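Chemist: model this:
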Amino acid sequence: MVLRNGGLLLVLAVMLVACGGGQGATLLGVNEGNQARDFTLEALDGTEMSLSDFRGKVVLINFWATWCGPCRAEIPDLQAAYETHQGAGFVVLGVNVEESRAAVEPFVAEFGMTYPVLFDETGQLLKQYRAIGLPMSILVDEEGLIQARHTGYLTEGQLEDYLERVFP
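Modeler: This is a model prediction of the structure:
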């Protein structure tokens, strides 16, 4: 088939846009600079929450478990950051991985966690976000773009450095 009068260029341009390569296109993914993958999980209070419910806010998705020592160590700092920056539009979504409500409820009370706690009962979301261990945190900006991806214990200083990327 022979394309004339710029037909080949038109076909290539259509393919580029369809594949997400046009100007301003952001790829859906799990790495810095990607559009964060949306998800819906059940919260501790029984409601369903989606990442997209928080569009327009800065969201820290924190994957954790009650048995995880580094998770236990970072939760007080996450809670403090949530309390400090909540008024500026900051939300922490604590995503518990593969544990029962019975195990999580007393833990949340003990640590005074007031940010939303969600259940990834099968670990599927953890796999989707390609976590290699716990804890893992992903900072998503107001537009849904991943600004930081952190595996392991997230110190208070590291979290503040990440938040400086999204809060002037």
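
Chemist: and the helix or strand harbouring V108, which residues are buried?
Modeler: When secondary structure is defined using DSSP states H and E, the element that contains V108 is helix 101-111. If you call a residue buried by 16 or more other Cβ atoms under 10 Å, then helix 101-111 has these buried ones: V104, F107, V108. Heads up, the C-betas are built off the backbone N, CA and C, glycines and all.

Chemist: swap in stretch 140-155?
Modeler: Going by neighbour count (16+ other Cβ under 10 Å), the buried part of stretch 140-155 is V140, D141, G144, I146, Q147, A148, R149, H150, Y153, L154.

Chemist: Which pair in the residues you listed has the greatest spatial separation?
Modeler: The largest separation in these, counting by Cβ to Cβ, is between G144 and Y153 at 25.9 Å.

Chemist: so where's the protein shaky on pLDDT?
Modeler: 1-25 (pLDDT under 70).

Chemist: ok, which stretches of it are strands?
Modeler: Along the chain, counting by DSSP state E, strands occupy 28-29, 35-36, 40-43, 48-50, 58-64, 90-97, 117-120, 136-140, 146-151.

Chemist: coming back round to it: going by distance to P116, which of the buried residues of stretch 140-155 wins?
Modeler: Within these, proximity to P116 (Cβ to Cβ) peaks at V140, which comes in at 14.0 Å.

Chemist: was I right about the closest one contacting Q147?
Modeler: Yes. Proximity of V140 to Q147 meets the contact threshold set by Cβ atoms under 8 Å, at 6.9 Å.
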